[in-house]
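S.K.: Any chance you can model this:
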Amino acid sequence: MRWISIAIVLVGCGSQIATVPPDAAALDGRPSPIDAPYTTFILTSPVIAAGAAIPVDNTCDGNNVSPALAWNGGPASAMSFAVILTDKAVDQVQWVIYDIPATRTALPANIDRSYAPSNVSGAHQTMSYQPTKRGYRGPCPPLGDAAHGYEFAVYALDVATLPSTNSNTPIDQAAATIVQHQIDLAKLHGTYARLAQPMN
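M.R.: Predicted structure coming up:
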């Protein structure tokens, strides 16, 4: 009797799915070896390797510029995208940008620190985890701490514009609303430990 084996493996940057077609199953009932899985929704950066140290320029010890990000394999039903940066060591949301048009598959480096950044038309940003600063504020763990883990996550959303948000919406509230409207997400992880006093 032939058997169909389906394996699903969840990984940090999205989901991976591998299948064995019916004609590849062994006749004795044991599945044949599964071919290399293929990825679906993935997030990458030209300056951040998965699990590696985040460049100083993208942190408070450098120029605090947002890194370039790119994604592919997102759901066709996505009506917009949002990106959230979280310090996983202390579960702190550090950056939220949302209302990214569904036609976009990337963000440029050094996004304007404004509510409606000119270099990402249509998108909006909250204030950062520093109440007087809007937009991207990069990794800035306390001096002497072991390296913190940071998560960049791109969310595919079921709305074109995030409801009940404006320029005064707190960062945590915007992040919670994004999660409520999530239909898929992809993640990119990096680390950072402080080397010097912040420049910005």
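S.K.: and the residue most central in space within the chain, helix, strand or coil?
M.R.: The centroid of the chain falls nearest to residue 153 when counting by CA atoms, centre = their mean (1.6 Å). Secondary structure, DSSP: H, G, I helix; E, B strand; the rest coil: residue 153 is strand.
S.K.: Now do it, the pLDDT please.
M.R.: pLDDT recorded at residue 153 is 98.
S.K.: likewise residue 18?
M.R.: 34.
S.K.: Distance-wise, check the residue nearest to the centre of the chain relative to residue 63.
M.R.: Note on residue 153: its distance to residue 63, by CB to CB, to the nearest Å, is 23 Å. Glycine gets a C-beta too; all of them are placed from N, C-alpha and C.
S.K.: if we look at stretch 147-154, which residues are touching it?
M.R.: With contacts defined as CB atoms under 8 Å, 6 or more residues apart in numbering, stretch 147-154 is touched by 43, 45, 48, 53-54, 67, 69, 71, 74, 81-90, 94, 139, 141, 185-193.
S.K.: now do the same end-to-end measure for stretch 144-163.
M.R.: One end of stretch 144-163 sits 40 Å from the other (CA to CA, to the nearest Å).
S.K.: Pairing partners for the nearest residue to residue 139 once chain neighbours are set aside in the sheet, please.
M.R.: Take residue 139 and drop its neighbours on the chain: the residue closest to it by CB to CB, 6 or more residues apart in numbering is residue 192, 3.8 Å away. Taking DSSP bridges, one finds residue 148 as the beta-bridge partners of residue 192.
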